[in-house]
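Student: Pasted the sequence and its predicted model underneath.
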Amino acid sequence: MNRFFKAVLLTGLFVGTTDLLYAFTTQWMSSGKFADKMLKGIASVAVGRDNAFPGNDWIAFLGLFFHYFIAFAFTLFFFWVFPRFRFLRFNKYLIGILYGIFVNVVFEQAILPLIIPRFSFSLPRAYINWICFGILFGIPIAWNAYRYYKVPKYEM
């Protein structure tokens, strides 16, 4: 397998899994219930809400596919733009946090309203999500991009 696609695949799998665990955990902490319909909600964008929620496990599997597809897309995007913009080599932790914030803003403004029609933006919740997305999503992507492109430890 091509080294580039292997790096993107493994990084996307890792960040997709940590993002899914974060989503399930925050749902459980806020409602006290396991988010058994979360993956069906993701699939509902493609199959419609009326078909998704009474659907079987295949609908949830479709939602899982879309979840990882989105994670891989954001990972691939970062790996693709990384060598093109020199400022991304500034600091992998800072760039990772900022990329996590970017991903969260795009997700909450473009994707989440498709899944949850009455989704409302909340700034206090956004701050928490930005920190968590930066740590769980952005930093691992930046870290692995730095490793893949062999960025020297102290390059600026």
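Tutor: All right, it came through fine.

Student: nearest spatial neighbour of K33, skipping sequence neighbours?
Tutor: Q27 (7.6 Å; Cβ to Cβ, 6 or more residues apart in numbering). For the C-beta atoms, the positions are set from N, CA and C on the backbone; glycine is no exception.

Student: Show the pLDDT at that neighbour.
Tutor: For Q27, the pLDDT comes out at 84.

Student: what about stretch 22-39, how long is it end to end?
Tutor: Stretch 22-39 has an end-to-end distance of 13 Å (criterion: Cα to Cα, to the nearest Å).

Student: dump the residue contacts of the residue nearest the centre of the chain.
Tutor: The centre of the chain sits closest to A71, judged by Cα atoms, centre = their mean, with a distance of 4.5 Å. Each residue near A71 by Cβ atoms under 8 Å, 6 or more residues apart in numbering is listed here: 12-13, 15-16, 19, 137.

Student: Let me know the secondary structure of it.
Tutor: Assigned by DSSP: H, G, I helix; E, B strand; the rest coil, the conformation of A71 is helix.

Student: any idea how far K6 is from it?
Tutor: Distance from A71 to K6, counting by Cβ to Cβ, to the nearest Å: 16 Å.

Student: With F137 instead?
Tutor: For F137 relative to K6 (Cβ to Cβ), the value is 19 Å.

Student: Between these two, which is the more surrounded one?
Tutor: F137 (29 against 11; other Cβ atoms under 10 Å).

Student: Run the chain-centre distance for stretch 17-32.
Tutor: Distance of stretch 17-32 from the chain centroid (Cα atoms, centre = their mean, to the nearest Å) equals 13 Å.

Student: Give me the contacts around that stretch.
Tutor: The contact list for stretch 17-32, computed with Cβ under 8 Å, 6+ apart, reads 33-35, 38, 64, 67, 71, 132-133, 136-137, 140.

Student: Return the set of buried residues in the longest helix seen in the chain.
Tutor: When the chain is parsed with DSSP state H, its longest helix is helix 3-31. For helix 3-31, the neighbour count (16 or more other Cβ atoms under 10 Å) marks 7-8, 11-12, 14-16, 18-20, 22, 27 as buried.

Student: got CSV for the residues you listed, with distance to G100 too?
Tutor: Listed next are those as CSV, based on distance: Cβ to Cβ, whole Å:
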residue, distance to G100
A7, 18
V8, 17
T11, 13
G12, 14
F14, 14
V15, 9
G16, 14
T18, 11
D19, 10
L20, 15
Y22, 11
Q27, 19
